[in-house]
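Visitor: Predicted model, plus sequence, below.
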Amino acid sequence: MGTRWFGERIRRVEDPRLLTGRGTYVDDIQPPNLLHGAVLRSPHARARIVRIDASGARAMPGVAAVYTHADLPPPLGDPLPRLIPHPTLVHHKTQVALAAESVRHVGEPVAFVVAESRYLAEDALEAIEVEYDLLPAVVDLETAAGPDGPLVHEDAGTNVAAHYTQRVGDPEGAFARAPHVFRERIRMDRGTAASMETRGVVAIWDARMRNLVIYDSTQSPIPIRNGLARLFGLPQNNVRVIAPDVGGGFGPKIMMFYPEEILVPLAAMRLGRPVKWIEDRRENFVATNQEREQIHDVEIAVDDEGRILGVRTVFLHDAGAYIAYGLIVPIVASTTLVGPYRIPNYHCEFKAAFTNKTQVSPYRGAGRPHGVFIMERLMDRVARELGIDRAEVRRRNLIQPDEFPYDTGLIYQDNAPLIYDSGNYPAVLKKALEMIGYALWPQRQAEARRSGRAVGLGLALYVEGTGIGPYEGCRITVEPTGKVFAATSVGTQGQGHFTVFAQIIADALGVDVRDVTVTTGDTAAFGWGTGTFASRSAVVAGNAVALAGKAVREKTLTVASGLLEASPDDLELAGGKVFVRGAPARSVTLGEVASAANPLRGTIPKEWEGPGLEASRYFAPLRGSFAGGCHAAIIEVDKDTGALRVERYVVVHDCGTVINPMILDGQIQGGVAQGIGGAFYERLVYDEDGQLLTQTFMDYLLPTAAEVPKVEIGHVETPSPLNPLGVKGAGEAGVIPAAAVIASALDDALGTRVTEMPLSHSRLLELLRGAEAPAADRSVPS
């Protein structure tokens, strides 16, 4: 037997290239005769466009073209595609590539300039005259959802884009019978992904061959290819989209289409020269999709032992000015809320409302942090009100291992029943409590308080929906050199795909992982698939890789059996060779088998299945698989400054069978960093006129290495029965419960009741003063 790679802590094969500056990002693409684009964006949140005069900009030296909406041919001047429809989404509004008659948020594109340099293009933007008729903006979410707020889309007659309800059991009866009902109003505000690499597009048009090549910092190159072919009237084979190294995606880069993904290729085709546009950081704050803001009115019904009888949430979701991505975020929030708990009666209802802010699409977690924050805040409330230990009240309500598959009664984001496939939530909780030292915490906290320190321990459990369809694919080829090449349908933005997919293939074919080269994100290498999002690559693409590897292995054994005059059942693969079991000297190299699989002379053998050691396979999951876990943290708060320090952070995670524990740990560590940012630092602030006040990293704070602790990670493995590898996704596990954990720890440290995220030093001081005020001066919700 050769080395087994699956499950080992293999260092990422892509890292030497990336860490030594040899990565290739969109801005590194420098075709000859390159032009540069810049976008004129609306400075107003709501206005009617009265007049645009671009003549001055067009006359400037070095300016190749200036485009406004009047210059866009159909269908490029029509509203951009609606991505994910839903029966209740009655006002599915999408933006146009360049605003036509009105603008609906600060940063909306109005004109596109192409010039010999970015400097000239930026100068030309200032020469474009736009006359606006200012209109009242609606920024506050509750005002937008009400009957009297200004309309974002006048033709809709309302700002409510959708109203959706799901119910399980008899919530009304459960609440009527319950001895205890607790209510909260919970708010989560806006944030942004803040990827290290902003968005960027380069377009190269070959007019003679009618071939369009696009370099795009996207998470979805194949759907971008398909859409561009349709919009520009080209065969799909004539459009190649490459997502090279992408410096962070986190969800917003799955959006299709952004206006620039239309404007850049249009300019390249019209001008006959390559065109590049790179988003600057200020643009990124106002033009790249955002996420998070929801307001929940939620209540929980429990018995005297703290067992859940019912949960009800009615909430508002801020869609921003458009809703191209549909209702994914609020649906995921409402269905993730139930978590690992038995909830026999559940009512979730939301309205998605338009506001004059940047539109919303999924950002790492994609509604899951909302749902977990709400449910875990309720569990802490129950524990406090009934005098039950926080861990114990959770333990009493957990779904047990023998109850899987567990049907929640809900419909998930993929329109499939939300059925948990496997899990062991009691074991996850037990391990997390042991790792954080929960049993000794009361003693340690008391000692800290005697010395004047405010320390707290937080706890939160979660379930993470992963691995949704529809499908992904992979093609594996063994060349006569014995080297193995694979192409997959997903792109990569730092997840380690080049390594984990190579590990799967190396095991299947008995080769060294360093002899496997994986290509991702290039539609010319593999042209059927969906994209990288929703913690699905390891599950969906990974199983496609495994199926393709199995097919190539079987073909290898068939061809080698003829060369070695032995039955395929008597052959083994290891060390880059095929040999007869028990007689390793009788062997052929994998390269020799690859050559024999492509006969150039002679008679084709009966068992021949086609030329080459090559196979393509696809995997389509029946439904999503569900990971889960528990986070626990110990924090300290400076009561004088509101500064927060995370002393320890523990994650126990179950994502089924683990392909590479090192890469998994890295995913979790990175997710926790983003989660801490979303809990205490990162908040987008709009004023009443819809102006974004946090447009730099001086105002929009990101946690640094000084604020993010080393995460202590443990694993529980309950393989998924829904795929051959038994894997579940893990990309969002670190971020999902972080806000809930920090809130729980703050309550424990300060005696507060945190019902909002993100916080800040100043806001924490306000909450602290409220908690320390006399009881008669405090207004406490029921």
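Guide: Happy to help now that I have it.
Visitor: Just the C-alphas of the lowest-mean-pLDDT helix or strand in the chain, formatted as PDB.
Guide: Least confident helix or strand, the chain: helix 761-772 with a mean of 83, by mean pLDDT, DSSP states H and E. Output in PDB follows, covering the C-alpha atoms of helix 761-772 (Å, rounded to 0.1, in the frame of the first residue of the first chain):
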ATOM      1  CA  HIS A 761     -16.300  50.500  22.600                       C
ATOM      2  CA  SER A 762     -18.700  53.500  22.900                       C
ATOM      3  CA  ARG A 763     -21.800  51.400  22.600                       C
ATOM      4  CA  LEU A 764     -20.500  48.900  25.100                       C
ATOM      5  CA  LEU A 765     -20.000  51.700  27.600                       C
ATOM      6  CA  GLU A 766     -23.600  52.800  27.000                       C
ATOM      7  CA  LEU A 767     -24.800  49.300  27.700                       C
ATOM      8  CA  LEU A 768     -22.600  49.100  30.800                       C
ATOM      9  CA  ARG A 769     -24.000  52.300  32.200                       C
ATOM     10  CA  GLY A 770     -27.500  51.000  31.600                       C
ATOM     11  CA  ALA A 771     -26.700  47.700  33.400                       C
ATOM     12  CA  GLU A 772     -25.300  49.600  36.400                       C
END
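Visitor: who's in contact with that helix?
Guide: With contact meaning C-beta atoms under 8 Å, 6 or more residues apart in numbering, helix 761-772 is reached by 637, 639, 641-644, 746, 750-754, 756, 759, 778. Every residue, glycine included, has its C-beta placed from N, CA and C.
Visitor: Which of these fall in helices?
Guide: The members of the contacts of helix 761-772 that map onto helices under DSSP state H are 746, 750.
Visitor: which pair in the contacts of helix 761-772 spans the largest distance?
Guide: Of all pairs drawn from the contacts of helix 761-772, the greatest distance, 24.0 Å, lies between 643 and 778 (C-beta to C-beta).
Visitor: Look at the two and report which has more neighbours.
Guide: Ranked by neighbour count (other C-beta atoms under 10 Å), residue 643 and residue 778 place residue 643 first, with 14 against 10.
Visitor: Run a quick neighbour tally on the nearest residue to that one once chain neighbours are set aside.
Guide: With C-beta to C-beta, 6 or more residues apart in numbering as the criterion, residue 643 has its nearest non-adjacent residue at 6.0 Å, and that residue is residue 761. Applying other C-beta under 10 Å, we find 15 residues neighbouring residue 761.
Visitor: What separation do you get for residue 761 and residue 672?
Guide: 20 Å (C-beta to C-beta, to the nearest Å).
Visitor: Check residue 338 too.
Guide: In terms of C-beta to C-beta, residue 338 sits 23 Å off from residue 672.
Visitor: Then residue 37?
Guide: With C-beta to C-beta as the criterion, residue 37 and residue 672 are 37 Å apart.
Visitor: now do residue 110
Guide: From residue 110 to residue 672 the distance is 40 Å (C-beta to C-beta).
Visitor: same check, this time on residue 409
Guide: Relative to residue 672, residue 409 is positioned 31 Å away (C-beta to C-beta).
Visitor: Please identify which of the two sits among more neighbours.
Guide: residue 672 (27 against 17).
Visitor: and the helix or strand encompassing that one with helix 761-772, angle?
Guide: Residue 672 belongs to helix 661-680 when assigned by DSSP states H and E. Helix 661-680 and helix 761-772 meet at an angle of 70 degrees, taking axes from the mean of the first three to the mean of the last three C-alpha atoms, to 10 degrees as the criterion.
Visitor: Okay, buried residues for helix 661-680 please.
Guide: Within helix 661-680, the residues that count as buried by 16 or more other C-beta atoms under 10 Å are 663-680.
Visitor: Same check on stretch 122-135?
Guide: Neighbour-count burial for stretch 122-135, with 16+ other C-beta under 10 Å as criterion, is recorded at 122, 123, 124, 125, 127, 128, 130, 132, 135.
Visitor: Please look at residue 6 and residue 507 and confirm they touch.
Guide: Yes: counting by C-beta atoms under 8 Å, residue 6 does reach residue 507; the two are 4.9 Å apart.
Visitor: show me where pLDDT drops low in the stretch 451-600 of the chain?
Guide: Regions of the stretch 451-600 of the chain meeting the criterion pLDDT under 70 are absent.
Visitor: Now do the helices in it.
Guide: For the stretch 451-600 of the chain, the helices defined by DSSP state H, counting those that start in this stretch occupy 497-509, 542-564, 590-596.
Visitor: Out of those, flag the one nearest residue 357.
Guide: Here helix 497-509 is closest among these (C-beta to C-beta), at 33.5 Å.
Visitor: Using CSV, list the CA coordinates for the closest one.
Guide: Extracted in CSV, the C-alpha atoms of helix 497-509 (Å, rounded to 0.1, in the frame of the first residue of the first chain):
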residue,chain,number,x,y,z
HIS,A,497,-8.9,23.5,-3.4
PHE,A,498,-5.6,22.9,-5.2
THR,A,499,-4.5,20.7,-2.2
VAL,A,500,-7.7,19.0,-1.0
PHE,A,501,-8.7,17.9,-4.5
ALA,A,502,-5.2,16.7,-5.2
GLN,A,503,-5.4,14.6,-2.0
ILE,A,504,-8.6,12.9,-3.2
ILE,A,505,-7.0,12.2,-6.6
ALA,A,506,-3.7,11.0,-5.2
ASP,A,507,-5.4,8.3,-3.1
ALA,A,508,-7.5,7.2,-6.0
LEU,A,509,-4.6,6.8,-8.4
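Visitor: Run me through the strand neighbours of the helix or strand hosting residue 353, direction for each.
Guide: Here residue 353, judged by DSSP H and E, is contained in strand 346-354. If you go by DSSP bridges, strand 346-354 pairs up with strand 160-168 (antiparallel), strand 308-320 (parallel).
Visitor: Using a markdown table, lay out those strands together with mean pLDDT, mean neighbour count and distance to residue 434.
Guide: Shown next, in a markdown table, are these (pLDDT from 0 to 100; neighbours: other C-beta atoms under 10 Å; distance: least, C-beta to C-beta, whole Å):
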| stretch | mean pLDDT | mean neighbour count | distance to residue 434 |
| --- | --- | --- | --- |
| strand 160-168 | 98 | 18 | 33 |
| strand 308-320 | 98 | 25 | 25 |
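Visitor: quick one: contacts for the residue nearest to residue 406 when sequence neighbours are not counted?
Guide: Nearest non-adjacent residue to residue 406, counting by C-beta to C-beta, 6+ apart: residue 420, 4.3 Å away. Contacts for residue 420 (C-beta under 8 Å, 6+ apart) come out as 399, 404, 405, 406, 408, 463, 626.
Visitor: 7 Å instead?
Guide: 404, 405, 406, 463, 626 (C-beta atoms under 7 Å, 6 or more residues apart in numbering).
Visitor: Between these, which sits nearest residue 376?
Guide: Looking across the contacts of residue 420 and measuring by C-beta to C-beta, the closest to residue 376 is residue 463, at 11.8 Å.
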